[in-house]
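Enquirer: can't give you the sequence, but here's the structure:
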């Protein structure tokens, strides 16, 4: 029987191979200019801006911030097999992360369920992008309860394959987990988590670039994507 490390390596190799073989389609944003056809702000639009080649989320003292969402809209959901790569990713005095989420029609609450990938941990939350935040109440989350001492990453790479997650940080494997309820993803985006205590909370999060690859795109979606890219040039 192979030991645990070998088993993990075999799983990761198979997982990544299946994900990357799905398609060669790649979509990238270097955050050089505003791109309203590719991203949608849900919540406080004053929080987000493109500056000096970065996506930045800045919180000021007078703002009350819960969970604010910068949602990816360039390609239509659902997303079942993909790889997300984020470069120069982190924050100062903030909780800035990347989220994957979906809605469940049999759940009484309307807010979607999310896994949020922060530079230092993975957290399962339920929020609407307009300030409210709740933990999972009906479904059990499957993320590992691990924290890493990393507020800023040179690169975060997230692999998703129909409910399977594999996470790498700065070129090193971090963790894998599976959630059968997340056989597809309906929402992708950046999220700013904040708690305002006596109007003293202030900070900034940033990402230098975002790339999503491995998606299966229909001919209609490919033509729409090509046309959208031509219009932004």
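Expert: Received, thanks. Treat the numbers as computed from the prediction; the structure is a model and nothing was measured. Residues are numbered from 1 along each chain as shown.
Enquirer: quick one, helices of the chain?
Expert: 4-21, 219-231 (DSSP state H).
Enquirer: give the rounded mean pLDDT of the last one.
Expert: Within the predicted structure, the mean pLDDT of helix 219-231 is 50.
Enquirer: please apply the same query to the longest one.
Expert: Helix 4-21 carries an average pLDDT of 50.
Enquirer: quick one: low-confidence ranges for this protein?
Expert: Scanning the chain with the threshold set as pLDDT under 70 gives 1-24, 61-65, 106-109, 129-138, 195-201, 216-233.
Enquirer: go with 80
Expert: 1-24, 60-66, 93, 105-110, 128-140, 194-202, 215-233 (pLDDT under 80).
Enquirer: excluding its backbone neighbours, what's nearest residue 117?
Expert: residue 98 (4.9 Å; C-beta to C-beta, 6 or more residues apart in numbering). (Each C-beta comes from the backbone N, C-alpha and C, glycine too.)
Enquirer: any idea how far the one you found lies from residue 69?
Expert: 11 Å (C-beta to C-beta, to the nearest Å).
Enquirer: so which of these two has more stuff around it?
Expert: residue 69 (25 against 22; other C-beta atoms under 10 Å).
Enquirer: circling back to that earlier point, who touches both of residue 98 and residue 69?
Expert: 189-191 (C-beta atoms under 8 Å, 6 or more residues apart in numbering).
Enquirer: by neighbours, which of those wins?
Expert: Ranking these using other C-beta under 10 Å puts residue 191 first, with 27 neighbours.
Enquirer: OK, contacts around that one?
Expert: So, once contact is read as C-beta under 8 Å, 6+ apart, residue 191 ends up touching 67-70, 96-99, 114, 116, 127, 129.
Enquirer: same question for residue 167.
Expert: For residue 167, the contacting residues are 117, 122, 156-159, 173-176, by C-beta under 8 Å, 6+ apart.
Enquirer: nearest spatial neighbour of residue 78, skipping sequence neighbours?
Expert: Counting by C-beta to C-beta, 6+ apart, the residue nearest residue 78 is residue 184, at 3.9 Å.
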